[in-house]
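Following is a predicted model, sequence given first.
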Amino acid sequence: MPWFVKIEKGVVNKAVFDQFVPAHVAYVKDLIAQGHAAKSGYWAEFWGGMLLFQASSLDEARAIVAADPLIQNHCVEYELHEWRVVVE
């Protein structure tokens, strides 16, 4: 099931945020390599962005998000949402 994480904004100063970006980029590339994330959903912006990824449950989605270095180090505010496609 698709999920996305919406990054609201950086909550630390930009220098601290930038310190964790390389680890974040490596983490997202690993998610892409494992087939969990879509390259088009890639983000690493101080003022916001999003990551679109696959998880089989809410618990797995939370674990994927919690392992992101930007989130582990409390660098950003975020919201986790299930991605729902509306077909009319």
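Right, received. Where do you want to start?

Please identify the buried residues of stretch 78-86?
78, 80 (16 or more other C-beta atoms under 10 Å). Backbone N, C-alpha and C define where each C-beta goes, glycine included.

typo on my end, stretch 15-22
17, 20.

And the helices in this structure?
For the chain, helices defined by DSSP state H occupy the ranges 14-33, 58-66, 69-72.

CA atoms only for the strand ranked longest in the chain, dumped as PDB, please.
With secondary structure taken from DSSP state E, the chain has its longest strand at strand 2-10. Extracted C-alpha coordinates of strand 2-10, given in PDB (Å, rounded to 0.1, in the frame of the first residue of the first chain):
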ATOM      1  CA  PRO A   2       1.400   3.400  -0.900                       C
ATOM      2  CA  TRP A   3       2.200   5.900   1.800                       C
ATOM      3  CA  PHE A   4       3.700   9.300   1.800                       C
ATOM      4  CA  VAL A   5       5.500  11.500   4.300                       C
ATOM      5  CA  LYS A   6       4.900  15.200   4.000                       C
ATOM      6  CA  ILE A   7       7.800  17.300   5.400                       C
ATOM      7  CA  GLU A   8       6.300  20.500   6.900                       C
ATOM      8  CA  LYS A   9       9.600  22.400   7.500                       C
ATOM      9  CA  GLY A  10      13.000  22.100   9.100                       C
END
